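**Student:** just to be clear, the model below is a prediction. Sequence and coordinates:
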Amino acid sequence: MQLQRNPVIQLYTKNKPVSSNQSIYKISPLSTFASEQLQFNSNVTKAIHDNQRHAQHISSILSEQSYALSKVNETQAEHTLLTANKWKHIEEQWQDTRNKLQDQDLLLDKLLTKLQLSTTLQNEYKNSIIQELSRYDEKVTNLSKRQHTSFQSLEEKIMEIENAQKTLTTKNCDQDTTQQAIIDQLTHQDIAFAELTRSITKHVVDSETITEKLLEQKQLNEELQAKLLLQEMFHQTILEKMEKQDALLHKLSRQIDHIKSVIFERFSFIVDKIDIFKQKNNTFTKEKEGVK
């Protein structure tokens with residue numbers, strides 16, 4: 001503000017001209033100095049009031065900026081606390097899930113070990129059954145061969161009996177010879193029938209043995225079928241558990257993606273708030289510089 005010259009100095013240097021609005025009488029220098037001093041004091045008071053209003057305006061702007069900054073700080077603190085709690089909850093869920101997965105892995109390892117052991121035992125049992133069946137087939141083949149040989153022997157003996165009967169018929173002319181032949185033939189027939197009876201008895205015993213072996217084999221086959229059915233159910237249970245494990249992992253992945261999206265939205269919200277605060281701060285700085 002430009003200061004006025006001292007009226008006292010003007011009093012001794014030069015008389016002020018009288019304006020048309022002033023009285024025709026000459027105004028005294030002290031009266032002029034007093035009026036000018038009052039005007040100067042009024043201007044100073046007005047400037048002080050203007051500066052006070054400007055200071056109040058600046059104070060209100062600073063108060064608003066402080067309030068906005070405190071709100072941003074509170075929001076950021078709440079978001080930091082919420083984010084910390086979220087991450088803590090996520091870490092707890094992840095640790096829990098990790099422990100569950102480790103337990104599931106141990107259980108699956110045990111199940112796979114049991115499955116491998118069971119498969120090995122089943123293979124050994126199958127191999128033993130196959131070997132037993134091979135030995136049994138060999139025995140049955142040998143028995144069949146012996147039975148076939150016995151039947152051939154019986155047929156040969158029957159043919160001999162028939163030939164003897166024919167010979168007996170041709171020799172009926174000589175009674176003595178015929179009787180002797182009949183006696184010989186009857187004796188031979190008794191021997192042949194005795195051998196035939198022994199062969200039939202042996203064949204019956206072999207047939208009973210084969211029947212018992214077949215029954216044993218049938219029982220072994222039923223036991224093997226039951227064990228195979230149980231093994232199939234065991235495999236099905238393992239597959240169902242593995243499917244449940246895959247479903248659990250998929251669900252955990254979806255939850256983690258959801259939490260990531262929520263954190264990203266919160267972070268974007270904080271960034272927007274910070275940008276708004278920076279814009280307001282820049283605006284306030286520009287206004288302050290303009291006032292200066």
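**Tutor:** Nice, I can see it.

**Student:** export stretch 215-232 as PDB, just CAs?
**Tutor:** C-alpha atoms of stretch 215-232 as PDB (Å, rounded to 0.1, in the frame of the first residue of the first chain):
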ATOM      1  CA  LEU A 215     -15.400-127.800  -6.200                       C
ATOM      2  CA  GLU A 216     -12.300-126.500  -4.600                       C
ATOM      3  CA  GLN A 217     -11.500-124.600  -7.700                       C
ATOM      4  CA  LYS A 218     -15.000-123.200  -7.800                       C
ATOM      5  CA  GLN A 219     -14.600-122.100  -4.200                       C
ATOM      6  CA  LEU A 220     -11.300-120.500  -4.900                       C
ATOM      7  CA  ASN A 221     -12.800-118.700  -7.900                       C
ATOM      8  CA  GLU A 222     -15.600-117.300  -5.700                       C
ATOM      9  CA  GLU A 223     -13.100-116.100  -3.100                       C
ATOM     10  CA  LEU A 224     -11.000-114.500  -5.800                       C
ATOM     11  CA  GLN A 225     -14.100-112.800  -7.200                       C
ATOM     12  CA  ALA A 226     -15.100-111.500  -3.800                       C
ATOM     13  CA  LYS A 227     -11.600-110.100  -3.200                       C
ATOM     14  CA  LEU A 228     -11.600-108.500  -6.700                       C
ATOM     15  CA  LEU A 229     -15.000-106.900  -5.900                       C
ATOM     16  CA  LEU A 230     -13.700-105.600  -2.600                       C
ATOM     17  CA  GLN A 231     -10.600-104.200  -4.400                       C
ATOM     18  CA  GLU A 232     -12.700-102.500  -7.000                       C
END
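
**Student:** for it, the distance to its chain's centre please.
**Tutor:** Its chain's C-alpha centre and that of stretch 215-232 lie 37 Å apart, by C-alpha atoms, centre = their mean, to the nearest Å.

**Student:** quick one: mean pLDDT for that stretch?
**Tutor:** Average pLDDT, stretch 215-232: 83.

**Student:** and that stretch, which residues are buried?
**Tutor:** Residues L220 are the ones in stretch 215-232 that count as buried (16 or more other C-beta atoms under 10 Å). To be clear about C-beta, it is placed using only N, CA and C from the backbone, and glycine gets the same treatment.
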